[in-house]
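In: sequence first, then the predicted structure:
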Amino acid sequence: MEKKEQPLRETLYIETTPREHAEMYLKAIKLLNESGEDPVRVISLAKKLGVASSSVVQMLSKLEHEGYVSYGRRSGVKLTGLGDSIASRILRNARLLEVLMEKHLGIVADERVVCGVEHHMTEELAEALCKFLNHPRKCPHGVDIPPGRCCKT
């Protein structure tokens, strides 16, 4: 009797990295805003991301073209409403994951893991996680977690 092959249950998914790179830039701009820098200088962004200033300028041009930032060589960079929305979502995801890892799983939040997951969380997952965590207001580092829809009802 020949053994029948079982169908594969997992779906394999390969995410394109350009979106993640753009989100990291938006997140870095938002973090620099939180620390008081607004508008953000190219040199600050380059230092935060550990990349060359020329790479930052190139990405800012793309982000501006897509409507995520406004950028001027002398005036610096500011998030647009759309860019701020995306950056806030990514920060919220990251900070919720940190709360989950440190407060509920008892493990140190590994930023590599957090950074890998934060880009792939759906709004549904973030809302469910926030409810599960009882709508935390601060991450383990004492920084505000942007509220989601579930926090406003």
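Out: Now that the structure is in, tell me what you want to look at.

In: test my guess that Ser75 contacts Pro39.
Out: Yes. Using Cβ atoms under 8 Å, Ser75 is in contact with Pro39, at 6.1 Å. Yep, even glycine has a C-beta here, placed from its N, CA and C like the rest.

In: more neighbours: which of these two?
Out: Neighbours per residue (other Cβ atoms under 10 Å) separate Ser75 from Pro39, with Pro39 holding more: 17 against 10.

In: surely Thr43 meets Ala52?
Out: Not Thr; residue 43 is Ile. No. Contact criterion Cβ under 8 Å: Ile43 and Ala52 do not qualify, at 10.6 Å.

In: could you pull out the strands in the chain for me?
Out: Ranges of strands within the chain are 69-72, 76-79, based on DSSP state E.

In: mind giving me the packing neighbours of the first one?
Out: Using 3 or more Cβ pairs under 8 Å, 6 or more residues apart in numbering; DSSP states H and E as the contact test, the elements touching strand 69-72 are helix 53-65, strand 76-79.

In: now these as a markdown table including mean neighbour count?
Out: Output for the helices and strands packed on strand 69-72, formatted as a markdown table (neighbours: other Cβ atoms under 10 Å):
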| stretch | mean neighbour count |
| --- | --- |
| helix 53-65 | 16 |
| strand 76-79 | 22 |
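
In: among those, which comes closest to Gly116?
Out: Closest approach to Gly116 among those is made by helix 53-65 (19.9 Å; Cβ to Cβ).

In: so who does Ala52 touch?
Out: Contact analysis of Ala52 by Cβ atoms under 8 Å, 6 or more residues apart in numbering lists Ala46.

In: pLDDT wise, what is the closest residue to Leu129 other than its chain neighbours at?
Out: Leaving aside its chain neighbours, Leu129 sits nearest to Leu96 (5.1 Å; criterion: Cβ to Cβ, 6 or more residues apart in numbering). Looking at Leu96, its pLDDT is 97.

In: before we move on, the earlier item: out of the strands of the chain, nearest to Leu133?
Out: That would be strand 76-79 among the strands of the chain, by Cβ to Cβ, at 26.2 Å.

In: with just CA atoms, put the closest one into CSV.
Out: Presented in CSV, the C-alpha positions along strand 76-79 are these (Å, rounded to 0.1, in the frame of the first residue of the first chain):
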residue,chain,number,x,y,z
GLY,A,76,15.1,68.7,7.5
VAL,A,77,12.5,66.0,7.3
LYS,A,78,8.9,65.9,8.8
LEU,A,79,6.4,63.1,8.7
